[in-house]
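K.L.:
any chance you can model this:
(one chain, ligands or ions: 1)
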Amino acid sequence: MAQFQAVKGAKDIFPEEIVRWHYIEEVIRSVTALYGFSEVRTPVFEYTELFQRGIGSTTDIVGKEMFTFLPDPNGRSITLRPEMTAGVMRAFLQKNPGGGVPVHKLYYISDLFRKERPQAGRQRQFTQFGAELLGVSSPAAVVEAISLMMQVFGTLGLHGLKLRINSLGDLEDRSRYREELRRYLEPYRDELDEASRERFEKNPLRILDSKNPAVQGIVAGAPKLLDCIKPEGRAEFDRVLGYLADRDIAYEVDHLLVRGLDYYGHTAFEVVSSELGAQDALGGGGRYDALSKELGGSAEIPAVGFAVGMERLIIAMEKQGLFAALSPRGPQVFVVLQDAGLEEHAMRIADRLRRAGVTTETDLAGRSMKAQMREANRLLAGFALFVGQDEVASGNFTLKNLRTSEQVTLALDAIPGVLLESSKL
Ligand code: HAM
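P.N.:
Model prediction:
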């Protein structure tokens with residue numbers, strides 16, 4: 001075993017796998033463009049208070065999952081970002097302190113850090129693709145966010161996903177519901193597991209999405225949050241559902257869906273995949289109108305967004321065989337030296353081809369011709385170009401198609417044209 005291993009819960013990604021990432025990222029970039037979203041990048045770390053205020057101090061993320069450190073003895077505590085929404089809103093408020101800006105549509109593909117117990121689909125460093133719509137959170141905006149997410153899944157060919165949706169109402173609705181829920185749970189308090197007993201005081205709504213079957217049995221009969229929501233909120237939620245139905249986006253209203261971050265209000269949603277086992281949430285999101293004020297913004301900035309775990313997306317796609325057509329691409333040409341003394345010529349030829357836009361490999365290790373041909377095949381090169389004394393003297397080179405074994409002899413200047421033409425086939 002090598003002396004050093006990657007940190008627990010963090011993974012290396014080598015070229016065999018990176019082709020999958022590039023493919024998914026390309027789909028994300030093209031679908032987000034269809035909806036008018038542009039990329040945003042924010043720092044990997046933020047002041048710890050941002051997450052305490054933004055995500056909520058009673059949440060699991062803030063309570064026990066953050067990688068937090070002091071940059072220097074007198075410095076302010078810093079945390080590696082466990083999610084993107086708080087940072088994106090912070091950046092937006094910093095850039096637009098007075099508010100009053102048009103709608104912003106932002107997306108990201110970013111690395112995040114959470115100190116969770118690693119398992120399949122759960123890492124300590126992971127990547128999310130997400131989108132945030134800032135400045136509007138109307139039912140149309142909520143459905144635009146959901147549609148974008150579902151269109152990415154659809155374009156990738158994923159099937160069998162379930163969209164779960166609920167409304168969390170406004171602050172008042174939730175505080176009324178919290179009391180109702182406590183009243184309902186009170187007689188069962190001793191039957192709750194330890195985590196739920198703790199949540200009973202601090203954040204009873206999170207008991208609803210417990211994974212413990214005994215607790216699930218108890219909350220199955222709990223009053224529904226949706227029944228505590230004022231008529232305006234209810235009507236808005238119904239519009240969201242209507243627009244989804246209109247677009248043939250299937251959903252399931254899930255009364256137990258509450259999400260694990262405190263900034264949500266009104267519509268919240270999650271997408272689950274049966275391919276993922278215990279960690280079945282592929283993505284989630286919702287409206288978070290209150291976050292801007294929570295972070296000290298002078299005006300409330302209505303907002304809605306979602307994020308999808310890239311590693312989980314890859315697991316689900318792999319299970320459904322959606323990478324089968326992704327073959328790694330070799331170089332268009334491998335420059336083969338017939339004699340090591342010609343290295344300088346070979347380098348010059350490789351340089352000319354690359355400058356002309358042809359992907360080119362050449363021998364860097366002084367190998368025999370046979371070994372060079374083996375390497376060309378291992379790399380899945382399209383053509384071999386032979387460099388010998390005669391070729392250098394005449395300026396004409398033999399190009400061998402490594403699939404069909406056909407050979408042609410051409411002047412060097414004609415080669416890029418032929419290769420570029422053949423790569424289009
Ligand atoms: P979240 O539900 O915490 O939401 O995370 C979204 C997705 O990130 C999850 O559904 C999952 O696929 C992936 N994920 C979370 N933790 C891990 C982990 N430890 N390892 C691998 N994948 C993970 C948010 O983060 C919100 N910021 C979403 C949002 C955006 N809401 C509004 N805008």
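K.L.:
give me the number of residues near S38?
P.N.:
Each residue near S38 was counted by other Cβ atoms under 10 Å, and the total is 10. For every residue, glycine as well, the C-beta is placed using N, CA and C.
K.L.:
tell me where the stretch 151-300 of the chain has strands.
P.N.:
161-167, 252-253, 267-273, 281-287 (DSSP state E, counting those that start in this stretch).
K.L.:
hang on, E144 in a helix?
P.N.:
Yes. Counting by DSSP: H, G, I helix; E, B strand; the rest coil, E144 is found in a helix.
K.L.:
contact partners for Q338?
P.N.:
Contacts for Q338 were tallied using Cβ atoms under 8 Å, 6 or more residues apart in numbering; they are 369, 386-389.
K.L.:
at 6 Å instead, please
P.N.:
Applying Cβ atoms under 6 Å, 6 or more residues apart in numbering to Q338 gives the contacts G388.
K.L.:
state the distance from it to Q389.
P.N.:
Here Q338 is placed at a distance of 8 Å from Q389 (Cβ to Cβ, to the nearest Å).
K.L.:
ok, now N377?
P.N.:
25 Å.
K.L.:
A10 now?
P.N.:
52 Å.
K.L.:
what does R197 give?
P.N.:
Distance of R197 to Q389, given as Cβ to Cβ: 84 Å.
K.L.:
nearest residue to E236 in space, please, no chain neighbours.
P.N.:
Counting by Cβ to Cβ, 6 or more residues apart in numbering, E236 lies nearest to P139, which is 5.7 Å off, once chain neighbours are set aside.
K.L.:
ok, the closest residue to the ligand within the stretch 301-425 of the chain to A303 distance?
P.N.:
For the stretch 301-425 of the chain and the ligand, the shortest gap (Cβ to the nearest ligand atom) falls at G309, measuring 2.4 Å. Computed as Cβ to Cβ, the G309 to A303 distance reads 21 Å.
K.L.:
okay, those two: which has more neighbours?
P.N.:
Higher neighbour count among G309 and A303: A303, with 27 against 24, using other Cβ under 10 Å.
K.L.:
quick one: the more buried one and G135 touch, right?
P.N.:
No. The criterion here is Cβ atoms under 6 Å, and A303 misses it with G135 at 7.4 Å.
K.L.:
quick one, domains of this structure?
P.N.:
The chain breaks down into these domains under automatic domain parsing: 15-170+230-319, 333-422.
K.L.:
which of those domains sits most buried?
P.N.:
Mean neighbours per residue, mean count of other Cβ atoms under 10 Å, is largest over these for domain 15-170+230-319, with a mean of 18.
K.L.:
average pLDDT for that one, rounded please.
P.N.:
For domain 15-170+230-319, mean pLDDT rounds to 96.
K.L.:
turn the strands of the stretch 151-300 of the chain into TSV, columns for distance to the ligand.
P.N.:
Listed next are the strands of the stretch 151-300 of the chain as TSV, based on distance: least, Cβ to the nearest ligand atom, whole Å:
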stretch	distance to the ligand
strand 161-167	11
strand 252-253	16
strand 267-273	7
strand 281-287	4
